[in-house]
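Enquirer: Below: sequence and its predicted model.
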Amino acid sequence: MNQLDDEHIRPVRIDALAFGGDYNPDQWPEETWHEDIRLMKEAGITMVSLPIFSWPQLEPEPGVYDWGWLDRILDLLHEAGIRIDLATATATPPSWLLRAHPEMAPWDSEGHRLEFGSRQTYCPSSPVWRENVARMTRAMAERYGEHPGLAMWHISNEYGDHVSRCWCPVTAEHFRRWLQDRYGDLDGLNEAWGVNVWGQRYTSWNHIETPRKAPGPVNPTQLLDFERFSSDAMLELFRIEIDVLREITPDIAVTTNFMSMFRDLDYWDFAAVEDVVTDDAYPEPADPTSHVGAALNYGLMRSLKGGRPWLLLESSASATSWRDVNVPKAPGKIRVESLQAVAHGSDAVMFFQWRQAKYGQEKFHSSMLGHRGEKSRSFQETKALGNELKRLEPVRGTRVRSRVALVIDWDSWWGSSAIESLPSQRLQWAQQARAWHRALYALGHPVDTVRATGPFEKYDVVVVPNLYIAETPQAEALRAFVESGGHLVVGPFSGVVDATEKVHDGGAPGPLRDILGVEIDEQWPIADGLAERLAYGGDSLEVLHWAEWIEADADVEVRGAYATGVLDGLPAVTRRTVGAGSAWYVSAILQPEGMLTMFRDVLRACGLPARDDVNVDAEAVTRADDTTDYTFLLNHGASSVAFTLPAPGVDLLTGADSAGVVELGAYGVAVVASPRAASVPFVTINPVKETA
Ligand code: GAL
């Protein structure tokens, strides 16, 4: 893997916070471009992304290029001082390519070939597609690699958005080669897949298929390997473009835009080969707490490259058009949501898209410049935001301070969600991760994310909502963290199987057993509609869906015990002192209130503060450089909130001194600059007041 260290990371060529959006000039007559540029300047735009879906306009016939229009608009943008996030234009194939090579179309799991007429009509494994992608990327790099407006390369677009898995014959061939690389010979594969169960021994590589509809549940390791393979196949495609760009433009940063916490691609691997992480974020406007999920998504984005700033490359100025019901954003929401991304380490606020489309699939998707033009609310609000962002210039390049990290492990995500035969389908990896994050968020902590092998040194507390697949290197890294004084919290159904999905000897938690000091006798799912209780301190917490029969070692302290049902009296939440730190095990799925009770106890026992008053609308995140803390206070709700800061400072947005208590009205934001504190500033809140 092409792991990049600091020296090899190419900087994005922009000397301001990036503000702008996707720009599709080829959907408009050239007269409109001049109006675009005028309004972009008015709105404070510093960067736009193009020509993402324009391959057919750039190469209308095989080998015949039409660069003229792109030359002209790039020059206009550059003259206006607007930087260019230049797409390689490989997000979608031209029709002539697909018609000449029908075998490059993707197939779904039922064996249907997907037709032209939308976008991304390609199989990620297709050699024809890969060759053409390399050719187009080369042509783009040769033509524009020295363009003075070029800020970075934007490779493809949202890999896997529509097609992340393909079941065509070309993919099946590729899957077999991937398996040969992984297992060497058929004996290795048969051993790994545990084929003696249900008589699945393979005697020829050609007998192996991508997992399809079969008479009954499919081999779990075959399913898991297909997830791994599919992520790797897309990564190979990404690397083909990276290699071409590195050859021709070795100093220009490369990226591909992610889709927040996206199950299908292992973003740790993708981030390792690019220069800068970029993300597209579409919190659901109809969900009043969607900013909580956004906080975890952004925690992942900043963590993918060790805390370096990332770029919010797409978001919506108001409604999307791909949901069943597309609710617009209330006035003020655009601002607070955008600044939330900046709070979490983004050096950009960008939108899909600059000018609202007149035709096509996305004409009802909001844009910076709505159908009403300059008068549109989205233009007025984004323009105000663009101009306000200039005041936040000091935060560019700074990093988020966090004491807590959450382990995200794609193998465990896939393993526990691709498989049909599990103790229960109610324990969902992503739901667990989000529920654990939500509690930590509500208790006042911004949460980073980290691989199961670390690095953990930066953190006081590392939480592992689920590590279904656990191997020795992960257990060793976690043990080293705890021994040196860290605090570890591990969730249910962890340490169950190894990387080939074989249950660890002695059962769960496998290699985590000697850290946690517990053994799981049986997983104990709870039937739908029923609930159990757990006694925690003086509280009684509800348990739904999942419990476990635990036996704990003598040196393990029981913090919470089951209080009902067959498990009555058995440990449910345990804590053990290990070296200078502690290791906790949580065996049940707790409900939101119970999560708060438990995590408040965990945080305080680990010496970290936790909020008494909880209001998920009130968020505080600190970015810092060596000398200054910039504490973002965000009110995501419509009622006012009073935040109490540990130290006074100056609000970058208003220039006002803040004496320590900052009251913010509906969707209010303050960014308080103060001298860098020794420990991460912890902001508390007072109960929500009624708006006048
Ligand atoms: C993204 C995509 C954009 C646009 C946007 C609409 O997934 O990258 O091209 O379709 O969604 O929300």
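Expert: Ah, there it is. Numbers count the residues shown, from 1 in each chain.

Enquirer: next helix or strand past the longest helix anywhere in the chain?
Expert: In the chain, assigned by DSSP state H, the helix with the most residues is helix 220-248. Downstream of helix 220-248, the first helix or strand assigned by DSSP states H and E is strand 254-255.

Enquirer: List the contacts of that next one.
Expert: Contacting residues not belonging to strand 254-255 are listed as 10, 152-155, 241-242, 245-246, 274-278, 311, 313 [CB atoms under 8 Å, 6 or more residues apart in numbering]. (C-beta placed from N, C-alpha, C; glycine too.)

Enquirer: Please identify which two of those residues are farthest apart in space.
Expert: R246 and L313 (20.8 Å; CB to CB).

Enquirer: So which of these two has more stuff around it?
Expert: L313 (31 against 19; other CB atoms under 10 Å).

Enquirer: Name the SS class of the more buried one, please.
Expert: strand (DSSP: H, G, I helix; E, B strand; the rest coil).

Enquirer: mind listing what it touches?
Expert: Neighbours of L313 in contact, by CB under 8 Å, 6+ apart: S49, D85, H154, T255, N257, T278, D279, D280, A348, M350.

Enquirer: so where's the stretch 251-400 of the chain shaky on pLDDT?
Expert: Within the stretch 251-400 of the chain, not a single segment meets pLDDT under 70.

Enquirer: Residue of it closest to the ligand, please.
Expert: F352 (4.1 Å; CB to the nearest ligand atom).

Enquirer: Quick check: phi and psi at that residue.
Expert: Backbone dihedrals for F352, given as degrees, to the nearest 10, come out at phi -100, psi 110.

Enquirer: in the stretch 501-650 of the chain, what residue is nearest the ligand?
Expert: For the stretch 501-650 of the chain, CB to the nearest ligand atom, closest residue to the ligand: H636, 20.7 Å.

Enquirer: Assign the nearest residue to G454 once chain neighbours are set aside to helix, strand or coil.
Expert: Nearest residue to G454 in three dimensions, chain neighbours excluded: A477, at 4.6 Å (CB to CB, 6 or more residues apart in numbering). Look at A477: counting by three-state DSSP, its state is helix.

Enquirer: Please apply the same query to L406.
Expert: Per three-state DSSP, L406 ends up strand.

Enquirer: Would you mind confirming that it makes contact with V447?
Expert: Yes: the pair L406 / V447 is scored as a contact, 5.2 Å apart, by CB atoms under 8 Å.

Enquirer: more neighbours, the two?
Expert: V447 (27 against 24).

Enquirer: can you give me the helices for the stretch 451-600 of the chain?
Expert: Per DSSP state H, counting those that start in this stretch, the stretch 451-600 of the chain carries helices over the ranges 472-483, 513-516, 592-605.

Enquirer: How about the residues of the chain by the ligand?
Expert: N157, E158, D161, D280, Y282, E314, S316, T320, W322, F352, E362, H365 (CB under 6 Å from any ligand atom).

Enquirer: Mind putting the residues you listed into TSV with neighbour count and secondary structure?
Expert: Formatted as TSV, those follow (neighbours: other CB atoms under 10 Å; DSSP: H, G, I helix; E, B strand; the rest coil):
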residue	neighbour count	secondary structure
N157	23	coil
E158	21	coil
D161	16	coil
D280	22	strand
Y282	18	coil
E314	21	strand
S316	26	coil
T320	18	coil
W322	10	coil
F352	23	coil
E362	18	coil
H365	19	coil
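
Enquirer: Can you tell me which of these lies closest to A141?
Expert: The closest of the residues of the chain next to the ligand, once distances to A141 are taken by CB to CB, is N157, at 17.0 Å.

Enquirer: didn't that closest one look like it was pressed against F258?
Expert: No: using CB under 8 Å, N157 is not in contact with F258; the gap is 10.8 Å.

Enquirer: Compute the distance between the nearest residue to G668 once chain neighbours are set aside and R10, please.
Expert: Excluding the flanking residues, the one nearest G668 by CB to CB, 6+ apart is N635, at 4.5 Å. Noted for N635: a distance of 37 Å to R10, by CB to CB, to the nearest Å.

Enquirer: Of these two, which one has the most company?
Expert: N635 (27 against 18).

Enquirer: got a list of what the more buried one touches?
Expert: Neighbours of N635 in contact, by CB under 8 Å, 6+ apart: V336, D617, A618, V641, L664, G665, A666, Y667, G668, V669.

Enquirer: wait, what's in contact with the residue lying closest to T453 once chain neighbours are set aside?
Expert: Leaving aside its sequence neighbours, T453 sits nearest to A477 (CB to CB, 6+ apart; 4.6 Å). Contacts of A477 were listed using CB under 8 Å, 6+ apart, and they are A452, T453, G454, F456.

Enquirer: one more time with 10 Å
Expert: When contacts are counted by CB atoms under 10 Å, 6 or more residues apart in numbering, A477 touches V450, R451, A452, T453, G454, P455, F456, V462.

Enquirer: which SS state does the closest residue to the ligand within the stretch 401-550 of the chain fall under?
Expert: In the stretch 401-550 of the chain, the residue that lies nearest the ligand is A430 (18.6 Å; CB to the nearest ligand atom). Of the three states, A430 takes helix under three-state DSSP.

Enquirer: Just give me the neighbour total for G111.
Expert: Based on other CB under 10 Å, the number of other residues close to G111 is 11.

Enquirer: can you start the count at 5 instead of 1 from here on
Expert: I'll keep to 5 as the first residue from here, and by that count the last item is G115.

Enquirer: host element of it?
Expert: Using DSSP H and E, G115 falls outside every helix and strand.

Enquirer: What is the neighbour count of the nearest residue to it once chain neighbours are set aside?
Expert: Leaving out its chain neighbours, the residue that sits closest to G115 by CB to CB, 6+ apart is W171, at 6.6 Å. For W171, the tally of surrounding residues (other CB under 10 Å) stands at 21.

Enquirer: residue contacts, the residue of the stretch 105-254 of the chain found nearest the ligand?
Expert: Here the stretch 105-254 of the chain gets closest to the ligand at one residue, E162, 4.4 Å apart by CB to the nearest ligand atom. E162 makes contact with 56, 95, 123-124, 168, 260-263, 266, 269, 283-284, 317-318 under the criterion CB under 10 Å, 6+ apart.

Enquirer: 8 Å - rerun?
Expert: Going by CB under 8 Å, 6+ apart, the list of residues near E162 reads A95, T260, N261, F262, M263, D284.

Enquirer: Going by distance to A388, which of the residues you listed wins?
Expert: D284 (22.7 Å).

Enquirer: can you pull the contacts of the closest one?
Expert: Contacts of D284 by CB under 8 Å, 6+ apart are E162, N261, F262, M263, S264, L316, L317, E318, S319, F356.

Enquirer: Put together TSV for those residues, with distance to W100 on each row.
Expert: Formatted as TSV, the contacts of D284 follow (distance: CB to CB, whole Å):
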residue	distance to W100
E162	24
N261	26
F262	30
M263	29
S264	34
L316	35
L317	29
E318	28
S319	34
F356	27
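
Enquirer: Local confidence estimate at D509?
Expert: D509 is assigned 98 on the pLDDT scale.

Enquirer: H12 now?
Expert: pLDDT, H12: 83.

Enquirer: Thanks a lot, see you next time.
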